[in-house]
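# Structure, please.
(2 chains, ligands or ions: 2)
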Protein chains: 2
Amino acid sequence: MMRILKRLLLALTLAFSLAPAVADPLPSWSDAPAKQAITDFVDAVTTEGSEDFVPVPERIAVFDNDGTLWVEQPMYTQLAFVLDRLKEMASEHPEWQEQQPYKAALEGDQEALGEAGMEGLMKLLMATHAGMTSAEFAGLAADWIGTARHPRFERPYTELVYQPMLELLEYLRANGFKTYIVSGGGIAFMRPWTEQVYGIPPEQVVGSQIELAYEVQDGKPVIVRQPEIAFIDDKAGKPVGIMRHIGRRPLLAFGNSDGDYQMLEWTTAGPGSRLGLLLHHDDGEREYAYDRESHFGRLDRGLDDAAEKGWQIVSMKRDWASVFPNAGPQAGQ
Amino acid sequence: MMRILKRLLLALTLAFSLAPAVADPLPSWSDAPAKQAITDFVDAVTTEGSEDFVPVPERIAVFDNDGTLWVEQPMYTQLAFVLDRLKEMASEHPEWQEQQPYKAALEGDQEALGEAGMEGLMKLLMATHAGMTSAEFAGLAADWIGTARHPRFERPYTELVYQPMLELLEYLRANGFKTYIVSGGGIAFMRPWTEQVYGIPPEQVVGSQIELAYEVQDGKPVIVRQPEIAFIDDKAGKPVGIMRHIGRRPLLAFGNSDGDYQMLEWTTAGPGSRLGLLLHHDDGEREYAYDRESHFGRLDRGLDDAAEKGWQIVSMKRDWASVFPNAGPQAGQ
Ligand SMILES: [Ca+2]
Ligand SMILES: [Ca+2]
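Numbering: from 1, shown residues only, chains lettered A, B, ... in the order given. Ligands and ions are numbered 1, 2, ... in the order given. Got it, this is the predicted structure:
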């Protein structure tokens, strides 16, 4: 009897001491195809002696932001920021009442805004955010993100990041990956909060940019934001942005729209084991359901070609056990 | 007697056991003002509780490359690479015999080349290196750097990096700094070898750039180098390049010419403890002596303003105990 008890105790001790090592690093991912594809890929590139082994410095993973790491409906979060800024400035710009995309912005005409696309968004960005220093803009972005609330979920936008993606970022970093954001959104809008929210520091954020100029104002050096587009980090711009900022082809690329098509295409065409993933928003209850017809985050060509390209479709409904972190009572349920 | 011997033994043991902790991390730096300024600065920003303490993620150090990390005389190394490429291509371009800066390049007219400046260099770069993929260009740069020799020292250029700077890079990294190159030279020329030579990975190299285009050629995605300047990372472009790539103001900036003036100015204008350093090439015996009148790496305004700005002038003659790594017999001596 004592011997059996001792054995049991030993077995329990072993089980508990092993537990941390085998704990699931992706608890918010259902036991479904996407999770399997991710862990198979990470095992392949991190197992020494494996033919697909990749040394740590070359382990680069890139993530789209809007609709991949956080909510992009009913509109891009950056656009909500822009709209708030425009409303504050409108009285000084009577011409905006008739001129697109300003008119659409002030009237909240989301269809017209969606049609204006990323370039329209950049115009609104310039109208509202050029002519100030980089430090001033970072302050505005940080202040807004700290106070604004999502209209449906009534939570700060930084709480409407996807819990499974936070786990995936951490899982990749624990396996020696450097994680990057590669977004069509403005680089300066993201950098003030990505380190705190995603664990991604400013130097690992790639995004669209306006021109910058270095000036000395009253003896004080500043960087002034200019009303001119320098680079749009969307579609074919994404592989270019990756080459400019990182200079290596990623091993893993994760997006959610046709704006990520070329980023996935370039990533997965590299030699060895690569992983391309597309989040499919098919869960209108917990989040939103949209794809081929959406004004924001349209996913059409990617859905058609994913099987042929070997890209993993991540179904929010099937693959995610939970959506948001520390989910309290959610609106719409 | 035994007691005295035992005490002596204990003292010796302690001294040896402490030795690794107090080993000089900068053995190639003479006990002179520059070394003192560097270690004082690092102590200030890394000592917890110090009023100048800076958390690890914000410890950014930026280094010019040509003339700061490696030799830039008798001409920029990248220019030697360009000249070799031009000579190979000249028979297909008879118009280059009369057209600047191509004529100067083919004739080895260094004065005319110096006058053409960084923009002239960029023109030559485009003529010789656009119209191919990024991968092809990386291969050409890597092949050349592996075989070319410096005309005076008769060693590979990658051995003509400065030993004190290699030690400084390592010392800063050991103290939690992320080290970056911020160079007027071409980003794609540096990235193939900076990781091996300096321990600086491609994603921490900022430099001048030509336009890039993403294309799918025969079903294979590639990034093609375009014959158009995208960004010149020199003078006022350096703080802009830092903001684009890093998004934080550095704590330390190290340069050697007036092309680094704004980088040092912006860096040292930040709050808290900052360090700006300028390498003064005043050692014609071991390396080269040049400053205000040089075609490459002209240092004029920086020398005038260093004292007022609080920048540390690093005299190669006074501050460096050795210049190159594993110095064998050197030409010119
Ligand atoms: Ca997206
Ligand atoms: Ca230089």
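
# tell me the SS of the residue in the stretch 101-250 of chain A positioned nearest to ligand 1?
The stretch 101-250 of chain A approaches ligand 1 most closely through A:Gly184 (6.9 Å), counting by CB to the ion. Quick note: C-beta positions are derived from backbone N, CA and C, even for glycine. What DSSP: H, G, I helix; E, B strand; the rest coil gives for A:Gly184 is strand.

# which residues touch the residue nearest the centre of chain A?
The C-alpha lying nearest the average C-alpha coordinate of chain A belongs to A:Asn65 (CA atoms, centre = their mean; 1.8 Å). Going by CB atoms under 8 Å, 6 or more residues apart in numbering or on different chains, A:Asn65 touches A:181, A:183, A:185, A:190, A:207.

# swap in A:Met118?
A:184, A:208, A:232, A:234, A:259.

# which stretches of chain A form helices?
A:2-22, A:33-46, A:77-89, A:102-107, A:110-129, A:134-147, A:163-174, A:187-198, A:237-245, A:261-268, A:301-309, A:316-319 (DSSP state H).

# Tell me the buried residues in the fourth one?
Think helix A:102-107. By 16 or more other CB atoms under 10 Å in any protein chain shown, the buried positions in helix A:102-107 come out as A:102, A:104-106.

# Same question for stretch A:299-310.
Judged by neighbour count using 16+ other CB under 10 Å, the buried positions of stretch A:299-310 are A:299, A:302, A:305-306.

# Just give the closest residue to the closest residue to ligand 2 within the stretch 101-250 of chain A, not the sequence neighbours.
Relative to ligand 2, the nearest point of the stretch 101-250 of chain A is A:Tyr214 (17.6 Å; CB to the ion). Distances taken as CB to CB, 6 or more residues apart in numbering or on different chains place B:Ala236 nearest to A:Tyr214, at 4.1 Å, with adjacent residues excluded.

# Quickly list what A:Trp29 is bridged to.
Bridge pairing for A:Trp29 (DSSP bridges) gives the partners A:Trp320.

# Which residues are in contact with it?
For A:Trp29, counting by CB under 8 Å, 6+ apart, the contacting residues are A:35, A:38, A:164, A:167-168, A:319-321.

# Same question for A:Pro151.
Counted by CB under 8 Å, 6+ apart, A:Pro151 has contacts A:Pro74.

# Let me know the pLDDT of it.
Looking at A:Pro151, its pLDDT stands at 96.

# go on, A:Lys178?
We have a pLDDT of 98 for A:Lys178.

# That one touches A:Glu203, doesn't it?
No - using CB atoms under 8 Å as the test, A:Lys178 is too far from A:Glu203 to be in contact (10.2 Å).

# who in the stretch 201-333 of chain A is up against ligand 1?
A:256-257, A:297 (CB under 5 Å from the ion).

# what do you get if the cut-off is 8 Å, keeping everything else the same?
Residues of the stretch 201-333 of chain A lying close to ligand 1 by CB under 8 Å from the ion are A:255-257, A:259-260, A:297.

# Which of these has the largest number of neighbours?
Counting neighbours by other CB atoms under 10 Å in any protein chain shown, A:Asp260 leads these with 32 neighbours.

# gap between that residue and A:Val182?
Distance, A:Asp260 to A:Val182, using CB to CB, to the nearest Å: 8 Å.

# Name the residues contacting each of the two.
Common neighbours of A:Asp260 and A:Val182 (criterion: CB under 8 Å, 6+ apart): A:64, A:238, A:253.

# if I pick the last one, what's in contact with it?
Which is A:Ala253. Contact analysis of A:Ala253 by CB under 8 Å, 6+ apart lists A:61-63, A:182, A:260, A:263-264, A:266-268, A:275-277.

# If any of these are buried, put those into a PyMOL selection.
Buried members of those, defined by 16+ other CB under 10 Å, are picked up in PyMOL with:
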select buried, chain A and resi 61+62+63+182+260+263+264+266+267+268+275+276+277
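
# Columns pLDDT and distance to B:Ala44 on top of the contacts of A:Ala253, output as a markdown table?
Below are the contacts of A:Ala253 laid out as a markdown table (pLDDT from 0 to 100; distance: CB to CB, whole Å):
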| residue | pLDDT | distance to B:Ala44 |
| --- | --- | --- |
| A:Ala61 | 99 | 36 |
| A:Val62 | 99 | 36 |
| A:Phe63 | 99 | 36 |
| A:Val182 | 98 | 36 |
| A:Asp260 | 98 | 44 |
| A:Met263 | 98 | 42 |
| A:Leu264 | 98 | 46 |
| A:Trp266 | 98 | 44 |
| A:Thr267 | 98 | 42 |
| A:Thr268 | 98 | 47 |
| A:Leu275 | 98 | 44 |
| A:Gly276 | 98 | 46 |
| A:Leu277 | 98 | 45 |
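
# Closest to A:Thr47 out of the contacts of A:Ala253?
Proximity of those to A:Thr47 was ranked by CB to CB; the top entry is A:Leu275 with 15.0 Å.

# nearest spatial neighbour of A:Thr194, skipping sequence neighbours?
Leaving aside its sequence neighbours, A:Thr194 sits nearest to A:Ile200 (CB to CB, 6+ apart; 4.6 Å).

# My guess is the one you found contacts A:Thr179. True?
Yes - the criterion here is CB under 8 Å, and A:Ile200 meets it with A:Thr179 at 5.7 Å.

# quick one: the residue of the stretch 1-150 of chain A found nearest ligand 1 and B:Asp234, what's the gap?
Relative to ligand 1, the nearest point of the stretch 1-150 of chain A is A:Gly67 (3.8 Å; CB to the ion). For A:Gly67, the distance to B:Asp234 equals 38 Å [CB to CB].

# same check, this time on A:Glu95
Remark: distance between A:Glu95 and B:Asp234 (CB to CB) = 39 Å.

# ok, back up a step: can you redo the buried residues of stretch A:299-310 as JSON lines with pLDDT?
Formatted as JSON lines, these follow (pLDDT from 0 to 100):
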{"residue": "A:Leu299", "pLDDT": "98"}
{"residue": "A:Gly302", "pLDDT": "98"}
{"residue": "A:Asp305", "pLDDT": "98"}
{"residue": "A:Ala306", "pLDDT": "98"}
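
# Quick check: of those residues, which lies closest to ligand 2?
The closest of the buried residues of stretch A:299-310, once distances to ligand 2 are taken by CB to the ion, is A:Gly302, at 44.9 Å.

# Isn't the closest one up against A:Asp258?
Yes - using CB under 8 Å, A:Gly302 makes contact with A:Asp258 at a distance of 5.4 Å.

# Flag the shaky bits of the stretch 1-150 of chain A, pLDDT-wise.
Residues of the stretch 1-150 of chain A meeting the criterion pLDDT under 70: A:1-22.

# Can you name the residues of it that neighbour ligand 1?
Residues of the stretch 1-150 of chain A lying close to ligand 1 by CB under 8 Å from the ion are A:64-68, A:72.

# if you set the cut-off to 5 Å instead, what comes out?
Residues of the stretch 1-150 of chain A that fall close to ligand 1, judged by CB under 5 Å from the ion: A:64, A:66-67.

# Any part of stretch A:131-146 near chain B?
Yes - Stretch A:131-146 lies within reach of chain B by CB under 8 Å from any CB of the partner chain, at A:Ser134.

# can you dump the C-alpha coordinates of that stretch into CSV?
Extracted in CSV, the C-alpha atoms of stretch A:131-146 (Å, rounded to 0.1, in the frame of the first residue of the first chain):
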residue,chain,number,x,y,z
GLY,A,131,2.3,70.3,-40.3
MET,A,132,3.2,69.2,-36.8
THR,A,133,6.2,67.5,-35.3
SER,A,134,6.5,63.7,-35.0
ALA,A,135,6.5,64.1,-31.2
GLU,A,136,3.3,66.1,-31.3
PHE,A,137,1.6,63.6,-33.5
ALA,A,138,2.6,60.7,-31.3
GLY,A,139,1.1,62.5,-28.4
LEU,A,140,-2.2,63.0,-30.2
ALA,A,141,-2.4,59.3,-31.2
ALA,A,142,-1.6,58.1,-27.7
ASP,A,143,-4.1,60.4,-26.1
TRP,A,144,-6.9,59.4,-28.5
ILE,A,145,-6.2,55.6,-28.2
GLY,A,146,-6.3,56.0,-24.5
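
# Great, nothing more from me.
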